[in-house]
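Student: Sharing a model that was predicted from the sequence below.
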Amino acid sequence: MKTILVFLFAVFSYVNVFPQFFCEGQEGWRRKVIDYGSVPTNYIPITTGWVDYLPFTDDFNSFDYSKWTKIDTCRPYSTHAIFSNSSENVYVGKGKLYLKAKQLATPIWCEHWDGAQYYNYSTGFICSKYPIRYGYIEIKCKLPANIALSPCFWMFNSTGIYVYPFTGYRYDEIDVFELHDPNDTIYNVTKTLMQNFHHNLHDEDSSYSSLQQNINFTNSFLNQDIFFAVEWLPEELHFYVNGNLTKSVKFAEESEVPYNIKSDFTCTHFLNAMEQYLQISLGVNSLISQYPDVSQGFVIDYIHSYKLVEGYNYEYWPTSFSMNDPEMFKVHQSIRLGGIGKTAIIPTGQNITIWAEEGIILDKGFTVSGSTTFAARNIATTDLFNY
């Protein structure tokens, strides 16, 4: 059975940016809940057009100090463990990265921006040395079964100083995944993920430019190999579990977006998003008193990152469609498939995306064969390409 998905998103001019409150309401993005069903077991690879971006790709055959820094301090998002650069907390073996928690023989005192305390555990946290801006970023990993351990893969950057009165402080954050608050009795932490973004570059009150959403599954995603990913574009964010879309966030002008808590649209665009640093962390939370066994860690097989490639600044109109055409999946100014004297037969069993800045024409003779998903997507391109 063939599926044709055609996405035609307008490229807007950005003269004014409205506070998100006016198009979504104060709680519009803050309280999203998605009842997804069972954790998808069929892995769907990324669509065509994306190519490996090696500076932010790592198969962890060794610890690459040119790409990663081991964090050695305390942070409020690990409430019961200090982050340590010890080889007992962060190490590579058999082609995998391990972040592990460890009970300390002697508690360590540490101060951070939200307080100070003694920590009875140490744990692992690494951060990329350089930031990335836009792309498809995927992690393959296994989450520990112990819900006192809080694994997370996220991206972050900020400007200004995070001290009172926070003058000039702005930040960007994308949470590819994190576990739900273990102290919240409403949701089952073994079956509920959070996939969020925070983009308060326009509004001092970040609650109007944040998505905090729970993805509820009917079975556990812990202690099994899982792929988590985000597709980060200038006007769109798409979150994935095992390559299956869990949630989209798409820009639209304020006048087009009525308040709707189930909406995929936001009046906050990402064209001026900050470059963000990749973060892989394992926190230890308040459930440690009930679940003290920290022997199982957060195991990462790989992180793979991809970029799109810029094409011609005019209409690309090939004689025929070919999966082997090196120009076919670049982002051209516009694309036409088919037409008089040309052919555009899309082969079977593919997951294909055609990208253009201004428009895509599917002309006479355009045909999609069975068992193929085809998408035609317009995309804003400012500062997107690194090739």
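Tutor: Perfect, thanks for sending it.
Student: CA only for contacts and neighbour counts going forward, please
Tutor: Will do.
Student: Kindly state the domain boundaries assigned to this protein.
Tutor: Per automatic domain parsing, the structural domains of the chain span 30-307, 315-378.
Student: any idea of the mean pLDDT in the last one?
Tutor: For domain 315-378, mean pLDDT is 94.
Student: try stretch 125-132
Tutor: Averaged across stretch 125-132, pLDDT comes to 97.
Student: who's in contact with the closest residue to Ile46 other than its chain neighbours?
Tutor: With sequence-adjacent residues excluded and distances taken as Cα to Cα, 6 or more residues apart in numbering, Ile46 is closest to Gly243, at 6.9 Å. Gly243 makes contact with 43-46, 227-229 under the criterion Cα atoms under 8 Å, 6 or more residues apart in numbering.
Student: let's see 7 Å
Tutor: Contacts for Gly243 (Cα atoms under 7 Å, 6 or more residues apart in numbering) come out as 43-46, 227.
Student: ok, now how distant is it from Gln224?
Tutor: 15 Å (Cα to Cα, to the nearest Å).
Student: then stretch 181-201 to PDB, C-alphas only?
Tutor: C-alpha atoms of stretch 181-201 as PDB (Å, rounded to 0.1, in the frame of the first residue of the first chain):
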ATOM      1  CA  ASP A 181       9.700  13.100  37.600                       C
ATOM      2  CA  PRO A 182       9.900   9.900  39.700                       C
ATOM      3  CA  ASN A 183       8.100  11.700  42.600                       C
ATOM      4  CA  ASP A 184       5.100  12.300  40.500                       C
ATOM      5  CA  THR A 185       2.500   9.700  41.400                       C
ATOM      6  CA  ILE A 186       0.300  10.400  38.400                       C
ATOM      7  CA  TYR A 187       2.500   8.800  35.800                       C
ATOM      8  CA  ASN A 188       4.400   5.500  35.700                       C
ATOM      9  CA  VAL A 189       8.100   6.400  35.400                       C
ATOM     10  CA  THR A 190       8.800   3.100  33.700                       C
ATOM     11  CA  LYS A 191       6.400   3.900  30.900                       C
ATOM     12  CA  THR A 192       6.500   7.800  30.600                       C
ATOM     13  CA  LEU A 193       9.100   9.800  28.700                       C
ATOM     14  CA  MET A 194       9.500  13.500  28.500                       C
ATOM     15  CA  GLN A 195      10.500  15.000  25.100                       C
ATOM     16  CA  ASN A 196      10.700  18.800  25.500                       C
ATOM     17  CA  PHE A 197      12.000  22.000  24.100                       C
ATOM     18  CA  HIS A 198      12.700  25.400  25.800                       C
ATOM     19  CA  HIS A 199      13.300  28.400  23.600                       C
ATOM     20  CA  ASN A 200      13.000  31.600  25.700                       C
ATOM     21  CA  LEU A 201      14.900  33.900  23.300                       C
END
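Student: how near is Asn216 to Pro318?
Tutor: Asn216 sits 44 Å away from Pro318, taking Cα to Cα as the criterion.
Student: These two: which is more packed in?
Tutor: Asn216 (23 against 18; other Cα atoms under 10 Å).
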